[in-house]
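Undergrad: please work out how this folds:
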Amino acid sequence: MPLSEAFLWFVALGAIAQLIDGALGMAYGLLCSTVLLTLGYPPATVSAVVHTAEVVTTGVSGGAHAVFGNVDRGLFFRLAVPGALGGVAGALFLVNVAAEWIKPLIVVYLMALGVLILLRAVGRWRYRAPPSQVPPLGLVAGTLDAIGGGGWGSVTTSSLLAGGRPARQTIGTVAAAEFVVTVAIAVTFASTIGFKHLEIVLGLLIGGALAAPFAALVVRRFPERVLLWLVGGLVLVLASVQAVRLLS
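TA: Predicted coordinates for the structure are as follows:
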């Protein structure tokens with residue numbers, strides 16, 4: 001595929017993922033990573049590329065939430081610090097484990113996230129994270145986010161909202177903490193495997209930046225449940241495609 005054509009596809013992917021992420025507070029990294037893995041890119045490369053692109057998108061998103069007072073400082077530090085530590089650990093694990101061993105684990109992880117999102121769509125996600133479990137939640141979410149290339153918002157936002165926290169502050173705080181986690185993961189990958197696939201990074205980044213201002217429109221025009229069904233279904237289908245490839 002010519003570079004110019006591939007670049008446009010990555011821009012489109014970044015734009016679609018950002019529109020959905022802006023509406024739900026999650027799914028940018030999850031969607032981008034699932035598609036790139038389906039295209040055959042190695043897990044470590046996928047996570048490195050997606051998190052490098054996310055440094056900008058999460059920075060803009062988290063900064064905007066901070067400006068508008070959507071960030072709970074106490075919750076932010078209890079999520080961001082353990083999340084960053086988990087992200088570094090997950091990135092190092094991904095770099096040092098052979099791709100053929102890690103791919104099945106990632107496929108299972110993506111399927112689990114797809115099911116989690118569908119459960120949220122039908123109102124059946126009941127796990128409530130009490131305050132004492134927020135740091136462990138951040139640690140686990142950061143680790144899984146680095147290994148799977150996404151999922152921070154899917155795990156943390158769903159758990160915190162189920163616990164009865166205000167939606168505005170929950171989404172804003174998770175977004176701000178995600179920037180810290182993303183930077184930690186991106187720096188870890190850059191210092192271990194280097195900076196690769198600039199065309200994919202720029203495509204995802206530009207697409208996400210162009211789509212970000214229109215996220216509010218997506219929120220108004222598409223019911224949250226419809227978007228959750230679409231995202232959960234797409235992740236499950238693409239993860240199933242990867243599972244079939246691994247088994248064939």
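Undergrad: for the protein, what helix or strand is lowest in average pLDDT?
TA: Least confident helix or strand of the chain, by mean pLDDT, DSSP states H and E, is helix 215-221 with a mean of 62.
Undergrad: quick one, what contacts Val88?
TA: Taking C-beta atoms under 8 Å, 6 or more residues apart in numbering, we find Val88 in contact with Ala146, Ala184, Ile185, Thr188. From N, CA and C alone the C-beta is placed, and that goes for glycine too.
Undergrad: cutoff 10 Å now
TA: Val88 sits next to Gly142, Thr143, Ala146, Val181, Ala184, Ile185, Val187, Thr188, Phe189 when contact means C-beta atoms under 10 Å, 6 or more residues apart in numbering.
Undergrad: and the next helix or strand after the least confident helix or strand of the chain, what's its mean pLDDT?
TA: Reading on from helix 215-221 to the C-terminus, the next helix or strand found by DSSP states H and E is helix 224-247. In this model, helix 224-247 has a mean pLDDT of 82.
Undergrad: what of stretch 82-94?
TA: 96.
Undergrad: and for stretch 143-152?
TA: Stretch 143-152 comes out at a mean pLDDT of 90.
Undergrad: and the end-to-end length of it?
TA: One end of stretch 143-152 sits 9 Å from the other (C-alpha to C-alpha, to the nearest Å).
Undergrad: gap between that stretch and the chain center?
TA: Relative to its chain's centre, stretch 143-152 lies at 7 Å (C-alpha atoms, centre = their mean, to the nearest Å).
Undergrad: likewise stretch 12-25?
TA: For stretch 12-25, the distance to the chain centre is 11 Å (C-alpha atoms, centre = their mean).
Undergrad: again with stretch 156-174
TA: 16 Å.
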